[in-house]
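give the three-dimensional model of this entry:
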Amino acid sequence: MLVEIFQASRASQNSLYPDSVYDYFPRHSDRCAIPMINAFELQHGRLQQIQIESKADLERTKPIWIDFHDPSEEERLWAKELFRLTLPDEDDFGDIEASARCFEDATGALQIRSDFLIDKADESRNVPVAFVLKHDILFSLHEEDLPVFRLLRLRARHQPGYLEDCRDVLLDLYATDAEYSADALEGVYADLEEVGGRVLKAHLTDEAADHADHVHHAHHQAKHDAAGQGGDGASGQARREVGCQNGCHGWNCSS
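All right, here's what the predicted structure looks like:
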C-alpha cells in the first residue's frame with residue numbers, strides 16, 4: 001500500500017521542477033541520438049554550439065569548451081592529433097581517492113574528476129565526469145548525457161556575457177550542479193512528508209512497515225548522493241585551482 005501511495009505521489013508531480021524549469025532538466029532521454037562531440041565557441045558574447053561529425057569539423061573550430069559524450073577510439077585519436085591530448089579512460093576516473101581527483105599532469109594541464117547528479121523519477125545516482133583544462137580550452141568527458149550540462153548550454157546561448165572563457169564554463173558547471181542537487185533534495189523531502197502524512201492516517205501493517213523502511217532507505221541514499229555534490233572534494237579543490245590561475249579564489253573568480 002505504501003509503495004502505491006509513494007508512486008502515485010511521484011507520478012502526480014511528474015518532476016521536481018515547475019513546467020518552465022522542467023524543460024531544462026528532462027527526466028527521460030527517449031529522443032534522437034545525442035552527438036558524441038560538441039564544440040562550443042564564444043560568438044558575440046554567447047556560447048555557440050557546433051556539432052562535430054568529422055575531424056575536419058573539429059579542426060575548424062576555435063572552442064573554449066569541447067564536450068565528449070562516450071567518445072569512440074577514432075574521436076579519441078582526433079583529440080590526440082589536434083590538441084595533443086590523451087583523453088582519460090572512463091574506467092579509471094569513476095572511483096578514485098579524493099587526493100587524485102584534481103592534479104596537474106606532466107604537460108601542465110589541469111586534470112579534474114568529479115561526480116554529477118542525475119535525478120530521474122525512478123532513481124537518483126552520480127555519473128563520473130573527467131575535465132581537462134589545457135590551451136585555454138575545457139575538455140569534458142562522460143558516458144551519459146547530463147541535465148546540468150544541458151542547462152548550462154541553454155543559459156549561455158540566451159544570455160550574452162554569461163560566460164567569458166573556459167574557466168567560467170567549469171565553475172558554472174559546478175554551481176549549476178549544486179543548484180540541481182539542492183532542488184533534488186527539496187523534492188525528496190516533499191515526497192517523504194507527503195508519504196509520511198498518508199501513512200499516519202492509515203492502518204500500518206507489518207508489510208507496509210517494511211515498504212516504508214525500504215522507501216526511507218532509498219531516499220536516504222538519494223540524499224547521500226545529492227549531498228555529495230556540494231562537498232569540498234574535487235569541486236572545491238577545482239575552484240581553488242582555477243581561481244589561483246587568475247590570482248583570485250574559487251567562486252569569486254571574475255575572469
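
poorly predicted segments of this structure, please.
Within the chain, the stretches with pLDDT under 70 are 1-35, 92-96, 98-99, 201-255.

quick one, strands of it?
37-43, 46-51, 65-69, 102-104, 110-119, 124-134, 137-142 (DSSP state E).

wait, which of those strands is closest to residue 158?
strand 46-51 (7.6 Å; Cβ to Cβ). To be clear about C-beta, it is placed using only N, CA and C from the backbone, and glycine gets the same treatment.

if you count contacts, what does that closest one end up packed against?
Packing partners of strand 46-51 (3 or more Cβ pairs under 8 Å, 6 or more residues apart in numbering; DSSP states H and E): strand 37-43, helix 147-158.

of all the ones you listed, which one is nearest residue 180?
Residue 180 lies closest, by Cβ to Cβ, to one member of those: helix 147-158, at 5.4 Å.

please enumerate residues in contact with that closest one?
With contact meaning Cβ atoms under 8 Å, 6 or more residues apart in numbering, helix 147-158 is reached by 24-26, 40, 46-49, 67, 116-119, 140, 142, 162-163, 169, 172-173, 176-177, 180.

and of the helices and strands packed on strand 46-51, who's closest to residue 103?
helix 147-158 (22.9 Å).

related to what we said a few turns ago, output the strands of the chain in TSV, with mean neighbour count appended to each entry.
Shown next, in TSV, are the strands of the chain (neighbours: other Cβ atoms under 10 Å):
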stretch	mean neighbour count
strand 37-43	18
strand 46-51	16
strand 65-69	23
strand 102-104	15
strand 110-119	22
strand 124-134	20
strand 137-142	22
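
quick one: which of the ones you listed is nearest residue 82?
Once these are compared by Cβ to Cβ, strand 65-69 is nearest, at 9.7 Å.

adjacent strands (with direction) for the closest one?
strand 37-43 (antiparallel), strand 137-142 (parallel) (DSSP bridges).

take those and lay them out in CSV including distance to residue 125.
Formatted as CSV, these follow (distance: least, Cβ to Cβ, whole Å):
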stretch, distance to residue 125
strand 37-43, 23
strand 137-142, 13
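
figure out which of the ones you listed is closest to residue 80.
strand 137-142 (11.5 Å).

that closest one versus strand 124-134: what angle between them?
Here strand 137-142 runs at an angle of 150 degrees relative to strand 124-134 (axes from the mean of the first three to the mean of the last three Cα atoms, to 10 degrees).

fine, thanks again, bye for now.
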